[in-house]
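Student: Provide a 3D model corresponding to the input given below.
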Amino acid sequence: MLPSPSSRERNTEVGADPYGVTILSHARTDTGRRRKNNEDSLFIDAALRLFVIADGMGGHAAGEVASKLAVESIHQFIQWTNGGGTFPWPFGFDKNVSYQGNRLRTAILYANRRIIEASKTRKEYRGMATTVVAVLMDGDVANVVHAGDSRAYLIRESELTPLTSDHSWVEEQVEKGDLTASDAREHPWRTMVTRALGGKTDLTVDLRRKPMRGGDTLLLCTDGLTSMLQEPDIARLIGAANGNLEDATAALVAEANTRGGTDNITVMLLRFQEQP
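Tutor: Numbers count the residues shown, from 1 in each chain. Okay, the predicted model is just below:
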């Protein structure tokens, strides 16, 4: 299945670590059929085992600025703190969270602060913001941190399991029992997020640690995918690719565009393989 002319992709392989795990990855971002600009950003650093997707919001291309600044800032902080050592934790250190989890959480809070500061420098940047979902590996454990409605899923033995819960108004209503999941998908406020980088200085992010096994796949994506495809469709398309990550990302983007492509679409797949 051929990607659209507006697609960009990235393919990497993360070498084995002492845990004997190899990570194959492939990512694709596409403008979609309704938008003129792509305000999504993605980032992979194979050496640092860092994977990030951001979905920008704001007029006059400010969303693109916000998402790009987010992935750059997260990468910058992870680089600064690579290799251990003593350094200040600008937002505190959570003793209930692993060192790697603290690194990723702090990197996102640092990115939030930089976006807020940048939003004050130009009139057209006012109000810009971005969602984010990121993974930083700790041996064979994935630290997954997110803010907003970009998502992470685990695919294990053909079963798709959410690792994140949307920070959105409709999701809050579903959790309260005031909306059904099907009603939420059609609600006019379904794109209203309640947390994002660039919003509040006291941003709270969610962290989840998930041990990975050989044969597992992680999917990171923006809501340009999940607003067009339901979870069974996503699982089916990934399964039909028979482990070919490039084919799987192409199929997901193509199907989202076939069903309307109302937003930018970004998908990233990470495949975990045990070494013989």
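
Student: Read off the pLDDT value for the residue positioned nearest the centre of the chain.
Tutor: With distances taken as C-alpha atoms, centre = their mean, Val133 lies nearest the centre of the chain, 3.0 Å away. Looking at Val133, its pLDDT reads 98.

Student: what about it, which SS state?
Tutor: Recorded secondary structure, Val133: strand (DSSP: H, G, I helix; E, B strand; the rest coil).

Student: is it true that it touches Tyr153?
Tutor: No. Using C-beta atoms under 8 Å as the test, Val133 is too far from Tyr153 to be in contact (10.1 Å). Yep, even glycine has a C-beta here, placed from its N, CA and C like the rest.

Student: Residues that sit against both of these two, list them.
Tutor: Cys221 (C-beta atoms under 8 Å, 6 or more residues apart in numbering).

Student: Checking my notes, Leu219 in a strand, right?
Tutor: Yes. Counting by three-state DSSP, Leu219 is found in a strand.

Student: heads up, I number from 8, so please use that
Tutor: Let's use 8 as the start, then, which means that last one is Leu226.

Student: per-residue pLDDT, it?
Tutor: For Leu226, the pLDDT comes out at 98.

Student: neighbours around it, how many?
Tutor: 25 (other C-beta atoms under 10 Å).

Student: Give the full set of residues in contact with it.
Tutor: Counted by C-beta under 8 Å, 6+ apart, Leu226 has contacts Arg158, Ala159, Tyr160, Leu161, Ile162, Leu167, Ile241, Ile245, Val274, Met275, Leu276, Leu277.

Student: Point out where the protein drops to low pLDDT.
Tutor: For the chain, applying pLDDT under 70 flags the ranges 8-14, 17-27, 176-198, 283.

Student: Which of the three states applies to Leu161?
Tutor: strand.

Student: ditto for Ser32
Tutor: Of the three states, Ser32 takes strand according to three-state DSSP.

Student: Next, count neighbours for it.
Tutor: 22.

Student: May I have the beta-bridge partners of it?
Tutor: Beta-bridge partners of Ser32, counted by DSSP bridges, are Thr19, Leu277.

Student: For Arg110, grab phi and psi.
Tutor: Reported as degrees, to the nearest 10, the phi and psi values for Arg110 are phi -60, psi -50.

Student: Equivalent analysis for Lys207, please.
Tutor: phi -120, psi 150.

Student: Strands along the stretch 58-207 of the chain, start to end?
Tutor: Applying DSSP state E, counting those that start in this stretch to the stretch 58-207 of the chain gives strands spanning 136-145, 148-154, 158-163, 166-169.

Student: Would you mind finding the most buried of those?
Tutor: Most buried of these by mean neighbour count (mean count of other C-beta atoms under 10 Å) is strand 136-145; its value is a mean of 26.

Student: Now do the helices in the stretch 108-257 of the chain.
Tutor: Here the stretch 108-257 of the chain has its helices, by DSSP state H, counting those that start in this stretch, at 176-183, 188-193, 230-233, 238-247, 252-265.

Student: hmm, back to that, put together CSV for the strands of the stretch 58-207 of the chain, with distance to Arg121 on each row.
Tutor: Shown next, in CSV, are those (distance: least, C-beta to C-beta, whole Å):
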stretch, distance to Arg121
strand 136-145, 11
strand 148-154, 14
strand 158-163, 23
strand 166-169, 29
